[in-house]
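> here is a sequence with its predicted model. Questions after.
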Amino acid sequence: MLTVTVSDLHLCQHCPRLFAYAKLKRRKIPPFIGHKGTGKLPGRLFHTFAHRVQKDICAGGTIHTDIFREFNQETEAFSSVFHRIVKEQYLIPFLEEHGKTLPYERIEAFASACEQWIGYLNDFITPNLSEIPDWWTVLQKILHSSEYSMRSTYSFPDGEMMEISGRPDALLFDPKTIEAVVVEYKARKESDPLQDLAQTSLYSWLVHTSIGIVPRVDILYLEEKQPLVRYSVPAIQDIIQNHPSLLQLARDILHGKRPVPQCTGLSLCQFCPYAQACDEDFGIPVDQTSISPKPVSGNTETQDKPPAPDELLAMLTEKLRLLSIPVIPAGYTVGPRFIRLKIIPDIKKKVTFSKIVNRTVDIQLGLALSSPPLIQAQSGFISCDVQKSNWEPFDVGSLLADTKKLTTHICSFPLGRRIDGSVFVGDLADPNMTSCLIGGTSGSGKSELIRSLVVAIALNNPDINLTCTLIDPKRVTFTDFGHSPFLSQPVIMDPDRAMDALMMHVSEMEERYRELEKAGCSNISEYNARHSPQMKRTIIVIDEYADLIMNKSTKEALESAIQKIGQKGRAAGFHLILATQRPDARIITGVIKANLQLKIALKVTSATNSKIILDETGAECLAGYGDMLIGGSVPIQRLQSAKVSKEDISRFHAAHIPQSFMKNNIFRTLLRAI
């Protein structure tokens, strides 16, 4: 079994070649990895102090007696009492014990860091006293363990196991948000904060595999004026999904596979004692610098067989080498529709991202592709996506089967599959996804994407008060949706009726705001938790809204309605999904674009259209049939949408039907007939 630590994997993220030196050649690794700061803060000493304090508090030391004696059950007083007792009982004696050998500036930095840390605990504990007046119960709930060793195993697809161990600086629990918290202490912020997040997400993965809960991450930068940086559970979940590629890279290095990718942060190379030798030690082996053509056999089945992913990666590397663009292969990801080839440009030889992108057509010819591949800059590498010849579409039901509904999502839905096959989960209640703009040319899969979104939202939220208004000027998109209980009214096909429906929703939204104001609630979720009957969330879907906005008599009113619902709809429970096959500046105006948070681009005819939707090029290189790029308020990434099957439609018609109806035998017979 392979064995690594979180520190090993963090080193591998920084520089795979240093990881190779440490594990294969047993070389000493320079101390600059992971040590950012002024150099004044004695980090190990601080960790010892924080561990001792938290351990004593968890064990119920004399600090509890002192707090009980001095704390008079007033929340305002607890902060100062806790702060003073920790300083008197722990900080001052600790400095008397260890401070004699430290210069003044290091003592000052240590004391300042302790103040930051005590303040963090205060801010963490005190708000919970308003919910749980018993301070002892609060401490027991929040302070769990410090520097607790964890260990877990990861199984690769071929059955090989890797044991991963690590010790986060602290594990806490937040009773207010009901979240586990991984706490990490740092000196100063990295120039690339993702490096710190990547390390702490590995601890989060260990917690998740140990107890089944994904924790959030709090990083305390103790030499900063604003020390706390917090990462939510969804953000950590997204990063955890990328860990298999890191583990595979570490595994390949431990097995001695070459070449080993270069350092992702080349600023480290100027300090590294192995920078001059690493190409020779871990670069491309001499016998692999060229690829001999394979002999042609008389077996036509063998000739027609598509290249394997590793062969495609070798072909891409060789093609770029022949174009005087040396790159380092960094692996690949095989998904349901695409193979993502990963390469790292050789910065030492002045290879840049733009040089590779400018050779897209040459890459298409070299790999014998039917269309130019989509080439994007990712975290630490450049991706080149190649479509599989034998891919098969999937339906909404398979997406739902693979979706683990998250408790932090109020109204979640699966949007599509990522390159690696994992499901991207959206949330209508998320400020980043409350309304959506969809653009794509004819044949890109736009209408099928809209249908899948409506069905997925309905099926994934059967217990939530939801209703949908469908506007279909084309008269063909929602013909089989009929009179589903999920719809507030039959599908609207007439432009005049569409405008009336929009104006009605705007009026209802304004009325809801007045109701929220009376109830003292800030949003629909808060209102529904306190009142009955509940307000319904309303999704307004317009397929080909260009037919509405091109009408001069309705354009101004349409833009005004979209602006109002886009700006104010989330708190009142109104959500927009607008789609068009004409993504140009006359249709997607500045007002509309500014008020729709999530942007989805399917295949378009030009880079200009891609920029209008996403503010980025790339959608012109998509393959069609549901292949899409999402962006806007979320990081740009490639997804594949689902199709809607007959089974999905049957389940859709049964969704959101009152249980009293379902008990009626006559109604069930009619439902089966549908």
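Cool, got the structure.
> the strands in the stretch 251-400 of the chain, which residues?
327-334, 338-345, 374-377, 382-387 (DSSP state E, counting those that start in this stretch).
> among those strands, which one carries the weakest average confidence?
Lowest mean pLDDT of the strands of the stretch 251-400 of the chain: strand 327-334, a mean of 90.
> name every strand pairing with it and say which way it goes.
Its sheet considered, strand 327-334 pairs with strand 338-345 (antiparallel) by DSSP bridges.
> for the partner strand, list the C-alpha coordinates in PDB.
The C-alpha coordinates for strand 338-345 follow below in PDB (Å, rounded to 0.1, in the frame of the first residue of the first chain):
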ATOM      1  CA  PHE A 338     -14.700  14.000 -23.600                       C
ATOM      2  CA  ILE A 339     -11.100  13.100 -22.800                       C
ATOM      3  CA  ARG A 340      -9.400  16.000 -21.200                       C
ATOM      4  CA  LEU A 341      -5.700  16.000 -22.000                       C
ATOM      5  CA  LYS A 342      -3.500  17.900 -19.500                       C
ATOM      6  CA  ILE A 343      -0.200  19.600 -20.400                       C
ATOM      7  CA  ILE A 344       2.100  22.100 -18.700                       C
ATOM      8  CA  PRO A 345       3.900  24.600 -20.800                       C
END
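> on that earlier part again, buried deepest among the strands of the stretch 251-400 of the chain, which one?
Compared across those, strand 338-345 shows the largest average neighbour count, a mean of 23 (mean count of other Cβ atoms under 10 Å). C-beta coordinates here come from the backbone N, C-alpha and C atoms, glycine included.
> centre of the chain versus that strand, how much separation?
Put simply, strand 338-345 sits 20 Å off its chain's centre (Cα atoms, centre = their mean, to the nearest Å).
> which residues touch that strand?
Strand 338-345 is contacted by residues 261-262, 264, 309, 312-313, 316-317, 320, 325, 327-334, 351-353, 355-356, 378, 380-388, 391, 419-420, 638, 640 when judged by Cβ atoms under 8 Å, 6 or more residues apart in numbering.
> look up phi and psi at the most centrally placed residue in the chain.
Nearest to the mean C-alpha position of the chain, counting by Cα atoms, centre = their mean, stands D238 at 3.4 Å. Note on D238: backbone dihedrals following degrees, to the nearest 10 are phi -60, psi -40.
> so what's it up against?
No contacts exist for D238 under Cβ under 8 Å, 6+ apart.
> using the three-state scheme, assign the residue nearest to D174 when sequence neighbours are not counted.
Spatially, and ignoring its direct neighbours in sequence, D174 is nearest to V181 (5.6 Å; Cβ to Cβ, 6 or more residues apart in numbering). Here V181 is recorded as strand under DSSP: H, G, I helix; E, B strand; the rest coil.
> I'd guessed V181 sits against D169; true?
No. Contact criterion Cβ atoms under 8 Å: V181 and D169 do not qualify, at 11.1 Å.
> average model confidence for stretch 48-64?
Per-residue scores along stretch 48-64 average to 73.
> likewise for stretch 89-99?
84.
> pull out the buried positions in that stretch.
Q89, Y90, L91, F94, L95, G99 (16 or more other Cβ atoms under 10 Å).
> and what of stretch 17-29?
Neighbour-count burial for stretch 17-29 [16+ other Cβ under 10 Å]: R17, L18, F19, A20, Y21, A22, K23, I29.
> so which of these is the closest to E616?
R17 (31.8 Å; Cβ to Cβ).
> quick check: closest non-adjacent residue to the closest one.
Leaving aside its sequence neighbours, R17 sits nearest to C278 (Cβ to Cβ, 6+ apart; 4.5 Å).
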